[in-house]
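Participant: Need a 3D model of the following:
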Amino acid sequence: MAKRLPKTVKKSLEKSRDCALLAVETYNKPAVKFKSGGYIVLMVIAWTALFHAIMFKQKKKPFYKIGRYFEKKDGDFCYWDLSHCVSKYFGADSNNAIRKNLEFFIPLRNMIEHKSIPELDADIFSECQALLLNYDKIVEREFGLNFCLRESLSFALQLFPSSKSLNSAVIANPSTKPIVDFIKTFRNSISNEIINSGEYSFKAFLIQVANHKGKNTLPIQFFSYDKLNEDQKKNVDRAVTLIKNKHVQVPISNMNLIKPQKVVNRVQKGLGNPKVQRNGKEKNKFTQHAHTKCWQKYAVRPLNAVNNPELTKSEYCIYDQPNNAYLYTEAWVDFLIEEMQDTDKYNALYI
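Facilitator: Presented below is the predicted three-dimensional model:
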């Protein structure tokens, strides 16, 4: 690396680049069955270390604080996790496509950590590809072209891709349902503008063509759709129409998300509709008040008065900006039903 960097910056950046290269190597190994699993775990580490390098470059310390002091564990500082780094780096820009791509992978990484579900590889490929392209884009923006990965990588040799869908993944492996539900919910929670952005999800049609006339012509070239002229776009659209074999569904905003009162009703019913005595009256065990206590205890959403209402645990809760409201996922309902069956956990809400 030609450019001299402070030691803390260089150390974090080297760790980041090594993890990103390992992620690509893992994904491209033919013998690896669940490609996305190892790739996502390593890319989360790569992105986290990249943000640490950026913070060090900005003379900031990416460590958690307790009061005036930096938090330590086992003698070392407690570094910010990726979610905290994303919040600090993008700030109020909540509708950034790169940010949304990262927010897709943070909870997904936690959900797949201890599972082997190769059935999901094909469906999340486009988000995985965008995760890598975005990484190089931020590296170039913050540290320059010399630190990018693109010169170290090449187009992987592949056979025909899988045609498996999320629905077929659930049929093949029922244990994938919670993860599939999260993927569908997250995709439905973001705008069409983000969904269609190459920074959130990189999609491409690879079309075999006749051999090039020039001996030195590159065998594979990428052209950004946004940079084509109108005639070129028409030709691309015509080609895409010819090879599409199924209807593309337009994302429906807030599909499968649940309003708070419906969460309360579903959890109360899921618990067997139990009753408790309060103030001499028999009432439902799980109420709106209990639900408020739960989202506060498990920190699935911030308080209404904070500056960043969108900073939720997206596997459980999504902020609906146009309506200034919080909506909840099926995973949140299932989680509460399981938790509230434990009498001690329920009673602890009111301590």
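
Participant: Identify the residues contacting the most centrally placed residue in the chain.
Facilitator: The residue lying closest to the centre of the chain (Cα atoms, centre = their mean) is Phe104, at 1.4 Å. Shown in contact with Phe104 (Cβ atoms under 8 Å, 6 or more residues apart in numbering): Glu127, Phe186, Tyr200. Glycine gets a C-beta too; all of them are placed from N, C-alpha and C.

Participant: Give me the three-state assignment for it.
Facilitator: Under DSSP: H, G, I helix; E, B strand; the rest coil, Phe104 falls in the helix class.

Participant: Quickly note the distance from it to Asp81.
Facilitator: 16 Å (Cβ to Cβ, to the nearest Å).

Participant: what bits of this protein have low per-residue confidence?
Facilitator: Scanning the chain for pLDDT under 70 picks out the ranges 1-3, 114-118, 154-173, 205-228, 233-234, 236-255, 305-306.

Participant: hey, where'd the helices end up in it?
Facilitator: Ranges of helices within the chain are 7-28, 35-57, 82-90, 97-112, 125-143, 166-172, 177-189, 192-195, 230-243, 260-270, 288-297, 330-340, 343-348, based on DSSP state H.

Participant: so how far is the third one off the chain centroid?
Facilitator: The gap between where helix 82-90 is centred and where its chain is centred comes out at 13 Å by Cα atoms, centre = their mean, to the nearest Å.

Participant: helices or strands next to that helix in the packing?
Facilitator: With contacts taken as 3 or more Cβ pairs under 8 Å, 6 or more residues apart in numbering; DSSP states H and E, helix 82-90 sits against helix 35-57, helix 97-112.

Participant: Identify whichever of the ones you listed lies nearest to Leu13.
Facilitator: Of all these, helix 35-57 sits nearest to Leu13, with 4.2 Å by Cβ to Cβ.

Participant: what's that closest one packed up against?
Facilitator: When contacts are defined as 3+ Cβ pairs under 8 Å, 6+ apart, helix 35-57 sits against helix 7-28, helix 82-90, helix 97-112, helix 125-143.

Participant: out of the ones you listed, which comes closest to Val180?
Facilitator: Across the helices and strands packed on helix 35-57, Val180 has its closest neighbour in helix 97-112 (10.3 Å, Cβ to Cβ).

Participant: Output that closest one as PDB, restricted to C-alpha atoms.
Facilitator: Taking Å, rounded to 0.1, in the frame of the first residue of the first chain, the C-alpha atoms of helix 97-112 are listed here in PDB:
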ATOM      1  CA  ALA A  97     -29.300   2.300  -0.200                       C
ATOM      2  CA  ILE A  98     -25.900   1.300   1.100                       C
ATOM      3  CA  ARG A  99     -27.100   1.700   4.600                       C
ATOM      4  CA  LYS A 100     -30.300  -0.400   3.900                       C
ATOM      5  CA  ASN A 101     -28.100  -3.100   2.400                       C
ATOM      6  CA  LEU A 102     -26.100  -3.300   5.600                       C
ATOM      7  CA  GLU A 103     -29.200  -3.200   7.800                       C
ATOM      8  CA  PHE A 104     -30.400  -6.200   5.900                       C
ATOM      9  CA  PHE A 105     -27.300  -8.200   6.700                       C
ATOM     10  CA  ILE A 106     -26.900  -7.300  10.400                       C
ATOM     11  CA  PRO A 107     -29.800  -9.200  11.800                       C
ATOM     12  CA  LEU A 108     -29.500 -11.900   9.000                       C
ATOM     13  CA  ARG A 109     -25.900 -12.600  10.100                       C
ATOM     14  CA  ASN A 110     -27.200 -13.300  13.700                       C
ATOM     15  CA  MET A 111     -30.000 -15.500  12.400                       C
ATOM     16  CA  ILE A 112     -27.800 -17.700  10.200                       C
END
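
Participant: Lovely, talk soon.
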